[in-house]
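**Student:** Below is the structure, and that's it, no one-letter string:
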């Protein structure tokens, strides 16, 4: 449940700015860049070499940059 909340917070946090991600395919290769879009069919990542479309069936993981994750987690902390 906590992972779902963090994922939702990340999506909200990244709506105004693009998120830096690292995508890992099932074969172990990775693609790093700016997440352009993501749905149930594919993730599209803009890399320094161009745009890469990763089919959902070949995608093992999609990880946000550590700084973005930390920012999302801190926004979930209750105000004191």
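**Tutor:** Received, thanks. Worth saying up front: this structure is predicted, and the values here are computed from it rather than measured.

**Student:** What are the buried residues along the top strand by length along the chain?
**Tutor:** If you go by DSSP state E, the chain has its longest strand at strand 30-38. Within strand 30-38, the residues scored as buried using 16 or more other CB atoms under 10 Å are 31, 33-35, 38. Bear in mind the C-beta positions are built from the backbone N, C-alpha and C, glycine included.

**Student:** just stretch 18-25 next, same as before
**Tutor:** 19-21, 23-24.

**Student:** likewise stretch 53-66?
**Tutor:** 54, 59, 62, 64.

**Student:** The first one: what's it in contact with?
**Tutor:** Put plainly, it is residue 54. 23, 25, 31, 42-45 (CB atoms under 8 Å, 6 or more residues apart in numbering).

**Student:** Tell me where the model's unsure across the protein.
**Tutor:** 1-17, 67-80 (pLDDT under 70).

**Student:** Please enumerate the helices of it.
**Tutor:** Using DSSP state H, the helices found in the chain span residues 2-13, 66-75.

**Student:** Tell me who's in contact with residue 38.
**Tutor:** 44, 62.

**Student:** And it, how far from residue 54?
**Tutor:** 9 Å (CB to CB, to the nearest Å).

**Student:** Out of the buried residues of strand 30-38, flag the one nearest to residue 50.
**Tutor:** Using CB to CB, residue 33 comes nearest to residue 50 of the buried residues of strand 30-38, at 9.3 Å.

**Student:** surely the closest one meets residue 48?
**Tutor:** Yes - with contact defined as CB atoms under 8 Å, residue 33 reaches residue 48; the gap is 6.9 Å.

**Student:** what do the two both touch?
**Tutor:** Residues touching both residue 33 and residue 48 (CB under 8 Å, 6+ apart): there are none.

**Student:** just to revisit the earlier point, just the ones in strands from the buried residues of stretch 53-66, please.
**Tutor:** 54, 59, 62, 64.

**Student:** quick one, what contacts the second one?
**Tutor:** Under the criterion of CB under 8 Å, 6+ apart, the contact list for residue 59 reads 23-26, 43.

**Student:** Which ones among the contacts of residue 54 lie within strands?
**Tutor:** Per DSSP E, the contacts of residue 54 map to strands at 23, 25, 31, 42-45.
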